[in-house]
Structures are given as C-alpha cells and as structure tokens.
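[1] pasting the structure only:
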C-alpha cells in the first residue's frame, strides 16, 4: 500500500493536471484499508477454533473482504464521470474489480477444498 501512497504523492507534486488519478489512487488505498480491517477481524473471530475451522473462518473473512472491496469500487466508479478522462478512470476501476473477482473465485475454490478435506476425514 505504501507504493500507492508514493504514487499518489508523486502525482500531487508533479502532475496536477491528471485529475483521474486523484479518484483512482485514494479509492484503491481506501479499499485496501477495508480489506486489512477484514483480516484483523478474521484473526479475532477465528481465534481459538480448531485448525480446520480456523482455516475455513479465515478464508471466509478474506472472501467477505474482497466482496466488500468490489462493492466499494463499484460505488466509486460513478465518480469517474466527473473526471477529465472518465473512460480511463472507469477502465482502472474495472481492472481492479476483475482482479478482485479472480481473488474471490480462488478463495471460494480454496474454501471448498478445505471443506472437502475436512469432510473426508
């Protein structure tokens, strides 16, 4: 996340004319903070559970975090229409959503795999 902040500060100092970045970078930084909050909640909520149950719990929290990120990005995409280059802004948001959707699919498969291993025992 520090790389995002560095890029944001660079844009502020060097290229104030590219206003699209002022929406995209803070949004992505905010979304990353939300995801980290879900992970800390997962650590607390999953503490004290058996190994298998803890794994399932953590993976489910990660999925919820990614889904929340996707939701927040979709809400922020409407702000792109106010930018100098709305298509570029929307494309960046769309790419981030696609990346997070891939993560949700991977986490879902991981959840199913963990659950199947637990049921086979």
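    Yep, it's here. Predicted, not measured: the structure shown is a model, and the values here were computed from it.
[2] Tell me where this protein has helices.
    Counting by DSSP state H, the chain has helices at residues 2-14, 20-46, 51-77, 86-120.
[3] weakest of these by average pLDDT?
    Mean pLDDT values for the helices of the chain show the minimum at helix 2-14, a mean of 47.
[4] Any buried residues in stretch 102-115, and which?
    103, 104, 107, 110, 111, 114 (16 or more other Cβ atoms under 10 Å). In short, each C-beta sits where N, CA and C put it, glycine included.
[5] Please tabulate these in CSV, including the columns distance to residue 74.
    Listed next are those as CSV, based on distance: Cβ to Cβ, whole Å:
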residue, distance to residue 74
103, 15
104, 14
107, 19
110, 24
111, 23
114, 28
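[6] for those residues, which one is nearest residue 50?
    Closest approach between the buried residues of stretch 102-115 and residue 50, by Cβ to Cβ: residue 114, at 12.0 Å.
[7] tally of neighbours for the residue nearest to the closest one when sequence neighbours are not counted?
    Closest residue to residue 114 apart from its sequence neighbours, by Cβ to Cβ, 6 or more residues apart in numbering: residue 55 at 5.1 Å. By the criterion of other Cβ atoms under 10 Å, residue 55 has 19 neighbours.
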